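**Student:** Here is the input, now give the coordinates:
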Amino acid sequence: MLPALALVPALALLVGGPLAVAFMTVAVVPNAATEPAFTLCGPSSSTALPAAGEERRASLTNQPTAIPDTIRPLYQAAAERYRLPWPLLAGIGMAETNHGRLTATSTAGAQGLMQFLPATFTAYGVDGDNDGQTVITNDADSIFSAAHYLAASGAAENPDGVRRALLVYNQATWYVNDVLTYAHHYANEACTAAALGPLPDGPDGPCPPSGSGAEHGLQPNALRALRCVKTAFPWITNIGGIGDRPNKSDHPAGRAIDLMIPGWETADGRKAGWQVAHWLQANATNLNVKYLIYDDHVWRSYRADVGWTPYTHPNGPTTDPTLRHLDHVHVSVND
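**Tutor:** Numbering: from 1, shown residues only. Below you'll find the predicted structure:
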C-alpha cells in the first residue's frame, strides 16, 4: 500500500512519466497557486521557470516534501550538466515519486524515480553515476536521463521551452502545472536559505542561564531551548514563558516559549525572525522541539517532511500580529 502522504503524487505513477498520456477529469481551481512558506527573494528567485497555471491536481492537496540528502546533489549535478534550473528536476521528482519514496511501476510501465517508460529510457538514458551501466531504476541514472530528455526537448532554451518540454515529458496540463508549483517552492526555499546567510552553530551540551525571568516554571526541555536560543541570538531580550492562554497551549504547562523579534514589522526584523526559526528547525532534534510557529506558518517536527505550512490561529483568520505570530517565534517542546 502506498503511504497516505503520497496518495496524490501516486497519480503520476498511474499515468506514467515521459510520453505517458493521461486521460482524467481535471479540476480548474482559480487563484490556487501555492504560496511558498517564506522567501526573501521574490519572484526573481525562479526567473528561469515559467509560472504555474491554475489547472493543477496533486499540488492542490500534497505539500512538497523535503528532498532527501542523497537526492538533492543528483538534481543539482544533472541540472548543471544540462543547463537547467535544478528545482525543475526536483519538481518532477516530487510529482512522480515523492523523490523516490514511491517505488512502484506505473500501470503504463513507467519506472524509476523520474518514471521513465522503457522505450524512452532506451533513447535518452544516461549513466548518471558513471558506474558503466545505465539502469532505469537507478536514482542517478533516472535523474540525469530526465535532465537529458528535458534538454533535448528544449527546456534549456527559455522559460517557454521549459513548459513545452514538460508537455513532452507528460502530455497533461495539470501535470505541468503541478511540477512548476513544486519547482517554484524548491527554488524559493533554496533562495531563502541563501538569503538568510549562515546561522549560528547549534548547541553542544548545556547552555548557560539566560538571565531572563521567563526561565521560571519552565520544564527542562523548554528551559534548555530558551537558554540555547539566547546564547545563539543574544539580541533577543523579550521572551515569554508560562502564562494563561485563551486556547489550548503548551505555555501553562511550561513546555513553550515565545521569542519576541525586535523590529518585526521591518524587512530586517522579518529576516531576523526567520533566522531564529530556521535555526530552531535545524536544531529541532537536539532541542526536542515539537513545533514552531512564525509569520503565518507552522513547522512540526513530527511532520518535518512537509516543511513549513500555512498557519491559521485556532480562533480563525485574524489581523492581530501576535495571534498571527508575526512579532514572535513560538517554540513548543516535547515532554
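
**Student:** Quick one: list the elements packing against the host helix or strand of Leu60.
**Tutor:** For Leu60, the host element (DSSP states H and E) is helix 58-61. Contacts defined by 3 or more C-beta pairs under 8 Å, 6 or more residues apart in numbering; DSSP states H and E place helix 58-61 against helix 173-196. Every residue, glycine included, has its C-beta placed from N, CA and C.

**Student:** Skip ahead from the helix it packs on and say which helix or strand is next.
**Tutor:** Next in sequence after helix 173-196, counting helices and strands by DSSP H and E, comes helix 220-232.

**Student:** Of all the residues in that next one, which ones are buried?
**Tutor:** Across helix 220-232, burial judged by 16 or more other C-beta atoms under 10 Å covers Asn221, Ala222, Leu223, Arg224, Ala225, Leu226, Arg227, Cys228, Val229, Lys230, Ala232.

**Student:** Name the surrounding residues that touch the helix or strand that it is followed by.
**Tutor:** The helix or strand immediately downstream of helix 220-232 is strand 239-240, counting by DSSP H and E. Residues outside strand 239-240 that contact it (C-beta atoms under 8 Å, 6 or more residues apart in numbering): Ser210, Ser212, Ala214, Leu226, Lys230, His251, Ile257, Asp258, Leu259, Met260, His328.

**Student:** Show the buried residues in those.
**Tutor:** For those, a burial check counting by 16+ other C-beta under 10 Å picks out Ser210, Ser212, Ala214, Leu226, Lys230, His251, Ile257, Asp258, Leu259, His328.

**Student:** give me the low-pLDDT residue ranges for this protein?
**Tutor:** Low-confidence segments of the chain (pLDDT under 70): 1-47, 244, 246-247.

**Student:** So which residues of it form strands?
**Tutor:** Using DSSP state E, the strands of the chain run over residues 239-240, 256-260, 289-294, 297-300, 309-310, 328-333.

**Student:** Name the strands paired with the third one and say parallel or antiparallel.
**Tutor:** Spelled out, it's strand 289-294. Strand 289-294 pairs in its sheet with strand 297-300 (antiparallel), strand 328-333 (antiparallel), by DSSP bridges.

**Student:** Kindly reformat the ones you listed as CSV containing distance to Ala272.
**Tutor:** Output for those, formatted as CSV (distance: least, C-beta to C-beta, whole Å):
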stretch, distance to Ala272
strand 297-300, 16
strand 328-333, 10
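
**Student:** Now do stretch 200-207: distance from first to last residue.
**Tutor:** Stretch 200-207 stretches 14 Å from its first residue to its last (C-alpha to C-alpha, to the nearest Å).

**Student:** cool, stretch 273-291 as well?
**Tutor:** Using C-alpha to C-alpha, the end-to-end distance of stretch 273-291 comes to 15 Å.

**Student:** contacts for that stretch?
**Tutor:** Contacts of stretch 273-291 (C-beta under 8 Å, 6+ apart): 38, 40, 192-193, 196-197, 199-200, 202-203, 221, 224-225, 228-229, 232-233, 236, 250, 255, 259, 261, 264, 292, 294-295, 298-302, 304, 328-329, 331-334.

**Student:** at 6 Å instead, please
**Tutor:** The contact list for stretch 273-291 (C-beta atoms under 6 Å, 6 or more residues apart in numbering) reads 38, 196, 199, 202, 221, 225, 233, 259, 261, 292, 294, 299-301, 329, 332-334.

**Student:** Please point out which parts of that stretch sit buried.
**Tutor:** Here stretch 273-291 shows 273-281, 283-284, 287-291 as buried, counting by 16+ other C-beta under 10 Å.

**Student:** Among those, which one lies nearest to Ala108?
**Tutor:** Closest to Ala108 out of these is Gln281 (38.3 Å), distances taken as C-beta to C-beta.

**Student:** What separation is there between that closest one and Ile143?
**Tutor:** 26 Å (C-beta to C-beta, to the nearest Å).

**Student:** cool, Ile236 as well?
**Tutor:** From Ile236 to Ile143 the distance is 41 Å (C-beta to C-beta).
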